[in-house]
Each structure stands twice: as structure tokens, then as C-alpha cells.
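K.L.:
Return a 3D structure for these sequence lines:
(chains A, B, C and D)
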2 protein chains.
Amino acid sequence: MNEPATRDPELTRARILQAAFELFVEKGFAAVTMRELAENSGVTKSLIHHHFGTKEGLWDAVKELAFARYYEGQKEELEQAGTPSPDLLRNGVIRYFRFLADNPQVVRLFTWAHLEGDSSCSHMDAELVGLGAERVREAQQAGLLRDDLNPTHVVTTFINACTQWFATCEHHADWPGMGSDEEYLADFLKLFMRGLQPD
Amino acid sequence: MNEPATRDPELTRARILQAAFELFVEKGFAAVTMRELAENSGVTKSLIHHHFGTKEGLWDAVKELAFARYYEGQKEELEQAGTPSPDLLRNGVIRYFRFLADNPQVVRLFTWAHLEGDSSCSHMDAELVGLGAERVREAQQAGLLRDDLNPTHVVTTFINACTQWFATCEHHADWPGMGSDEEYLADFLKLFMRGLQPD
DNA sequence: TCGCTAATTGACCGGTCGACCAGTTAGCGA
DNA sequence: TCGCTAACTGGTCGACCGGTCAATTAGCGA
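P.N.:
Numbers count the residues shown, from 1 in each chain, chains lettered A, B, ... in the order given. All right, here's what the predicted structure looks like:
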């Protein structure tokens, strides 16, 4: 809206990245044109090339930024450890679910990136899941969770249940009998935590 | 490979649909060109337009075919009812998981279609989930499953856990501690069925 | 056997794509 | 204050996009 009074390459880059983020989230890489990008950024097409080289370069920059934010946020969550307890896992699920609820665009971006063959998020997720699985393992060894389940599978199960929920949220919004985000989360937690109780 | 000796519009349509299915599954709608489609079908670009009108027309035909097959298969599964029992649900999960394992392309196609705003599968899924939820409700009323969970949420939970598993399978294949398809399924079933046991 | 219909072809269209480049201008350090 | 660097612009390029069309040809019913 308001034009910058002076040249500000940092702001320009940020504007382009923000507009690109929104467009790529909405339509994916292939369906977005440099002209759209320029128009939504309020800059010329040439300027985007100046700052990011190619369309792929901009796409990579958008993904890198989004991935980095996601990674930092999740790692922080995981490292501020409490003593192992069932509630620790329960709260972890809740926080993950709420994060996705607050950032549905991130789910879409990840889905596009993954479909298009991007593997950079794979290593990132591997580390995060590893950290989560380690917490589950500790709780298992402390006798707080049943120990006949692969900890990685436990983490993956709740990640899948949460991620797919938001990946298809417009989709299932009007299905008969379907509750709100919070109601789904509550039921999932009931099921999940009961399923993890030790014998 | 082997050219048809005579003209066969049915076969031609089938060839085009098959090639289009593979390409759209792989790259999504926007990234596929009519020239690729023609080359992979072994026909000319004009012939595709003759049979399907536009690129969107072909895309719709591919989706319709895939959705119809999926819908028929799943509905058959759901309607060949047995007496309600926990094993009925367990076997339902197993069959759904195995179906996705045998048809990973379908998961990708649905994901592309959904990201691109297609809502035709939404109504279809609504009906299937409704049927599944009805079965869960019957089992709850028979006292075979805990009755403090929304049946739709129960069905959605396992669908999400299965779908997302295959949507990200190349992704998590090399994560530390991650087991095979069957090992994940076994652990998920342990967790899921225990979580559903009545008090 | 003979037309009629539809399957099939290749050439071609206007438009848009991503990218480039020469030229201009603003800001900043010397 | 002055020049150098980089931010920024408008115009343009060849390639390729989806789509069209007239011409050809195979098959099938009369």
C-alpha cells in the first residue's frame, strides 16, 4: 500500500517474500507467474530477478524461510523439557495441533513442496521426530507409557493425525457429524492417551 | 508400445487417460503440458483435444475415473457388513491401509486435486465417512467400543493416520527408528484399538 | 461398393511464459 | 561533493504454452 519513501532492499526482499509466500501457498509453484508475483509485491518483475535470480530461487527462499521458522519453533518446544510424564506428551500434541491451527499456510506449503519432490524438509523433520521419539522412549522406560510400541511410530501417528486434519480442513468442514477443531482434538487425545496407557 | 492395427477410439481414450493419470499424479495439473501428454500417450496433441476438449477436461476425466474407482471399492468394502465387532473396525482399518499401500498414486492425485481446490471428492468422502461412522456408532451402542467419542472423529482419525502415512512415505522412509509399512500399521492398530476399548 | 461420420494428423495461431539487458537513479563512503 | 555500487525500471527476446483448423483417412452401415 504505502510506498517506501526511500530505497530499502531489505524491505523490498521482505515484501517479495511475503507476496510469494501467499501466492505459492495458494497455487503452488508451477501455477504462479512472475508477473503475478511482481504485481502482488508492488515491484517490477525485473527486480525480483535482481534479488532472487530465478523463479526457482525465489521458491527456494520462500521454503527456506518457512522451514526455518517452523524448525526453530518446534525445536524450542521440544527442548524446553519437563520431567517425562503422560501430560508432557499430551501437551506436546496440543501445542503441535495449535501451531498448525495458527499456521494453516505452513501445512499447505509443506504439502506443495513435498509433492513437488522437495526433500529439504525431510531431514528437518527427521531430527524433530527423533527428538520427540526420545521423549516417548524416556516415558516408556519410566513406566508411564506402554512400552510395546515403537516410539517413532507413536510420534508419527499423532503428527499424521494432526497434519492431515489441517491438510483437509476445508474439505471435511461440512461432513455430517464432524466437530470443530477443538472437538476433534479432544476426541483424538482421549483415544491417543488411552491407547498409550501402560498395561 | 505396440501400435493398434486399426482405429480404436476406446483404446485411444484409455491410453490418453492412463498417460495423463501418471503425469498428473507425478507433477500435478499445472506443471504438465499438452505436449508431454501427447508424447506419453503416443498420440498427437490435437487428438487429445478431439477426445477431451481442453486440458481441464482431461484433468476432470482423470479425476472422475480415479475417484469413481476409489469410491466403488470403498463403498463395497463398507457395505459387505458383518455383525458389529471390534474386529470389524480393525479389519476396516487394515483394508483401508492396504488399499492405500496398493494405490499410492491415488493418494497423490487426491492431494493435488485438493490443493488445487477440487471439491468433488469432498462429497464422496462425506458419504464414505458417514457409512464408516455409522458402523462405529453401532459398535458403540452394542457396548463393544467406548461411547464417549464422536464416531466421525474415530473414523477421521484412522483415515488421517493412514492417508498421511502414504502421503509422506518417501519422506519418512529413512527417518531413524522408523519401521516398515506393516510395522507402522501394527503399532497404530495396537494404539487405536486400545484407545477404543470400553471402560 | 460407396459415402458418411468420426478418428487422426500436422501446420499454425495469438498469447504468455521466464529471463535478460541496457539505461536510470538513489544512497553512501571517501 | 563526487563517483561508485547496487537498487530499480521498461522494453524486449526466443521459447513454449493451450488451442484451432483444414485436410486426410479408416471404418461402418446402407
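K.L.:
Please work out which residue of chain A is closest to DNA strand C.
P.N.:
Nearest residue of chain A to DNA strand C: A:Thr6, at 2.5 Å (CB to the nearest atom of the strand). Every residue, glycine included, has its C-beta placed from N, CA and C.
K.L.:
Just say helix, strand or coil for that residue.
P.N.:
coil (DSSP: H, G, I helix; E, B strand; the rest coil).
K.L.:
Run a quick neighbour tally on it.
P.N.:
5 (other CB atoms under 10 Å in any protein chain shown).
K.L.:
State the pLDDT value of it.
P.N.:
Among the per-residue scores, A:Thr6 holds a pLDDT of 77.
K.L.:
any idea which element the residue in chain A positioned nearest to chain B lies in?
P.N.:
Closest to chain B within chain A is A:Gly195: 3.1 Å, counting by CB to the nearest CB. Using DSSP states H and E, A:Gly195 sits within helix A:181-196.
K.L.:
Off-centre distance for that helix?
P.N.:
20 Å (CA atoms, centre = their mean, to the nearest Å).
K.L.:
Pull the residues that contact that helix.
P.N.:
A:86, A:89-90, A:93-94, A:97, A:101, A:145-146, A:149, A:154, A:157-158, A:161-162, A:165, A:169, A:178-179, B:146, B:148-150, B:153-154, B:156-157, B:190-197 (CB atoms under 8 Å, 6 or more residues apart in numbering or on different chains).
K.L.:
Just the residues you listed: which are in helices?
P.N.:
A:86, A:89-90, A:93-94, A:97, A:101, A:154, A:157-158, A:161-162, A:165, A:169, B:153-154, B:156-157, B:190-196 (DSSP state H).
K.L.:
if we look at DNA strand D, which of those residues are close to it?
P.N.:
Checked against DNA strand D using CB under 7 Å from any atom of the strand, the ones in helices among the contacts of helix A:181-196 give no members in range.
K.L.:
Of these, keep whichever come out buried.
P.N.:
A:89, A:93, A:97, A:101, A:154, A:157-158, A:161-162, A:165, B:153-154, B:156-157, B:190-196 (16 or more other CB atoms under 10 Å in any protein chain shown).
K.L.:
Output the set of residues of chain A in proximity to DNA strand D.
P.N.:
Residues of chain A lying near DNA strand D (CB under 7 Å from any atom of the strand): A:Pro4, A:Arg7, A:Asp8, A:Pro9, A:Thr12, A:Val43, A:Thr44, A:Lys45, A:Ser46, A:Leu47, A:His50, A:His51.
K.L.:
6 Å instead?
P.N.:
Within chain A, the positions near DNA strand D by CB under 6 Å from any atom of the strand are A:Arg7, A:Asp8, A:Pro9, A:Thr12, A:Val43, A:Thr44, A:Lys45, A:Ser46, A:Leu47, A:His50.
K.L.:
Present those residues as JSON lines; the columns should include distance to chain B and secondary structure.
P.N.:
Putting the residues of chain A next to DNA strand D into JSON lines (distance: CB to the nearest CB, whole Å; DSSP: H, G, I helix; E, B strand; the rest coil) gives the following:
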{"residue": "A:Arg7", "distance to chain B": "34", "secondary structure": "coil"}
{"residue": "A:Asp8", "distance to chain B": "33", "secondary structure": "coil"}
{"residue": "A:Pro9", "distance to chain B": "31", "secondary structure": "helix"}
{"residue": "A:Thr12", "distance to chain B": "27", "secondary structure": "helix"}
{"residue": "A:Val43", "distance to chain B": "24", "secondary structure": "coil"}
{"residue": "A:Thr44", "distance to chain B": "24", "secondary structure": "coil"}
{"residue": "A:Lys45", "distance to chain B": "19", "secondary structure": "helix"}
{"residue": "A:Ser46", "distance to chain B": "24", "secondary structure": "helix"}
{"residue": "A:Leu47", "distance to chain B": "24", "secondary structure": "helix"}
{"residue": "A:His50", "distance to chain B": "26", "secondary structure": "helix"}
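K.L.:
Residues contacting the lengthiest helix in chain A, please?
P.N.:
Ranked by residue count under DSSP H, the longest helix found in chain A is helix A:55-79. When contacts are defined by CB under 8 Å, 6+ apart, helix A:55-79 is touched by residues A:16-17, A:20-21, A:24, A:29, A:34, A:37, A:48, A:52, A:92, A:95-96, A:99, A:103, A:106, A:109-110, A:113, A:118, A:120-121, A:124, A:127-128, A:131-132, A:135.
K.L.:
Mind listing what's buried along that helix?
P.N.:
A:55, A:58-63, A:66-67, A:70, A:74, A:77-78.
K.L.:
Touching the host helix or strand of A:Glu26 from outside, list them.
P.N.:
If you go by DSSP H and E, A:Glu26 is part of helix A:9-27. For helix A:9-27, contacts defined as CB under 8 Å, 6+ apart pick out A:4, A:32, A:36-37, A:40-43, A:47-48, A:51-52, A:58-59, A:61-62, A:65-66, A:105, A:108-109, A:112, B:30.
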